[in-house]
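Visitor: sequence and predicted structure are below.
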Amino acid sequence: MLFISKKDIGKISQEIIQNAVKKAYELVLNNSYNMPDRIHVGDEQNTLLLMPCFSKEFFATKLVSVFPDAVKFNQPAVNGVLVLADNKTGQPLAIMDGAAVTAERTGAVGGLGVDLLTPENLEIAGILGAGVQGLSQARYILFNRRISKLWIGDLNLKAADKMARILEKEFPQVTYVTTDNSEELVTASQLIIAATTSNRPLFKNDPGLVKGKTFISIGSFKPDMKEFPDAVISNADHVYVDTLFAAKESGDICIPLEKKVVEPEKIKAFSSLLAKPVCLENKTCFFKSVGMALFDLTVASAVYKLALKEKMGQKLEF
Ligand SMILES: NC(=O)c1ccc[n+]([C@@H]2O[C@H](COP(=O)([O-])OP(=O)(O)OC[C@H]3O[C@@H](n4cnc5c(N)ncnc54)[C@H](O)[C@@H]3O)[C@@H](O)[C@H]2O)c1
């Protein structure tokens, strides 16, 4: 049994992680996986998610919690543990830092969205939410596109400034602008990724703000949570979800469906985009991710195989 830490996971290339996320969508297209809807256990504003999934080779379970107020204690909102096991013998193979797997694979989920839903000459992008996922999203935007300017927006301007300082060291060629004004960020950006713990839309419901842009929502994983106003989904030419379960789980999809500002047929599985890319010229795109255990499984499998090859991780005796 191997223990694979955040530090080990951080050494793995973005290419390997993004390819593992792509593999998850390929398994969806081939219907070659076994994954129940994930279980939410709520305790006041906090949530524990239980996320099991089987592929032919492995199975994995992630226990991940989201504590939106952890930031007040200077702690991350998302924590967790992932257990990877062998799908022939049932033996546990590895325990991994679930928060690190989550941040990497969620960055890559956004990254694939950027790859397939933005023009190659994208220049200006904006991230709303300068937390753990926001930083990972920024890294995967920069992995997929040579942008010149990145806007970083957060209610807490200090968090946005801190993220800009981290990214400046890694990607000095990019100009960073920080703000606590979401509308300013959306107006200036061609791509907007939101990765916040917000329950309410982050900017006003104005079609003029959204047309011709790409929007990716990473937060809002409950029916009463919403990051974007209805103008995004109702004006979008293309709407994708990482898993169709998002239509039940996220307020960014289920609220507009209830209000009938969007037809259910307009909402497509992101895996279909891999099979059939769409025209992006002058189009408005919306991609809603809630995450799924299959991403954790394919990423954890890739991490485990690499750890064996590169002798990473720490051996544990039961
Ligand atoms: N889609 C997925 O697969 C996936 C995976 C992991 C986490 N998430 C979700 O992503 C969200 C962010 O997670 P995190 O780990 O980055 O949390 P975090 O606490 O590290 O960061 C959240 C940031 O959002 C900011 N924020 C909150 N409300 C805001 C608002 N109204 N306007 C601007 N900024 C605001 C906070 O100040 C904070 O800096 C959570 O809801 C989490 O559940 C989704």
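Guide: Structure's in. What do you need?

Visitor: in the stretch 1-150 of the chain, which spans are strands?
Guide: Counting by DSSP state E, counting those that start in this stretch, the stretch 1-150 of the chain has strands at residues 2-4, 39-43, 46-54, 58-66, 78-86, 92-97, 124-128, 149-153.

Visitor: any chance you could map the helices in the stretch 151-300 of the chain?
Guide: 157-170, 182-188, 207-210, 230-235, 246-249, 251-258, 270-275, 293-310 (DSSP state H, counting those that start in this stretch).

Visitor: any idea of the mean pLDDT in the fourth one?
Guide: So the one you mean is helix 230-235. For helix 230-235, the mean pLDDT works out to 98.

Visitor: can I get it as CSV, trimmed to CA atoms?
Guide: The C-alpha trace of helix 230-235 is given here as CSV (Å, rounded to 0.1, in the frame of the first residue of the first chain):
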residue,chain,number,x,y,z
ASP,A,230,-29.5,33.3,-16.0
ALA,A,231,-28.3,35.5,-18.9
VAL,A,232,-25.3,33.1,-19.3
ILE,A,233,-27.3,29.9,-19.9
SER,A,234,-30.1,31.6,-21.8
ASN,A,235,-27.8,33.4,-24.2
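
Visitor: most packed of the strands of the stretch 1-150 of the chain?
Guide: Of all the strands of the stretch 1-150 of the chain, strand 124-128 has the most neighbours on average by mean count of other Cβ atoms under 10 Å, namely a mean of 27. Any C-beta I mention is one placed from the backbone N, CA and C, and that applies to glycine too.

Visitor: ends of stretch 249-269, how far apart?
Guide: Stretch 249-269 has an end-to-end distance of 15 Å (Cα to Cα, to the nearest Å).

Visitor: so how far is that stretch off the chain centroid?
Guide: Centre-to-centre, stretch 249-269 and its host chain are 19 Å apart (Cα atoms, centre = their mean, to the nearest Å).

Visitor: so what touches it?
Guide: 28, 199, 217, 220-228, 230, 233-234, 236, 238-241, 243-244, 246-248, 288, 290 (Cβ atoms under 8 Å, 6 or more residues apart in numbering).

Visitor: before we move on, the earlier item: I'd like to know which of the helices of the stretch 151-300 of the chain is closest to residue 78.
Guide: Each of the helices of the stretch 151-300 of the chain has some distance to residue 78 by Cβ to Cβ; the shortest is helix 293-310, at 12.4 Å.

Visitor: helices or strands up against that closest one?
Guide: Packing partners of helix 293-310 (3 or more Cβ pairs under 8 Å, 6 or more residues apart in numbering; DSSP states H and E): strand 2-4, helix 6-10, helix 14-29, strand 46-54, strand 58-66, strand 78-86, strand 92-97, helix 98-117.

Visitor: hang on, the earlier thing: looking at the helices of the stretch 151-300 of the chain, which is closest to the ligand?
Guide: Nearest to the ligand among the helices of the stretch 151-300 of the chain is helix 157-170 (4.3 Å), distances taken as Cβ to the nearest ligand atom.

Visitor: so what's the nearest residue to residue 246 once chain neighbours are set aside up against?
Guide: Spatial nearest neighbour of residue 246, chain neighbours left out: residue 290 (4.5 Å); criterion: Cβ to Cβ, 6 or more residues apart in numbering. Counting by Cβ under 8 Å, 6+ apart, residue 290 makes contact with 220-221, 241-243, 245-246, 249-250.

Visitor: spatially central residue in this protein, please.
Guide: In the chain, the C-alpha nearest the mean C-alpha coordinate belongs to residue 106, at 3.2 Å (Cα atoms, centre = their mean).
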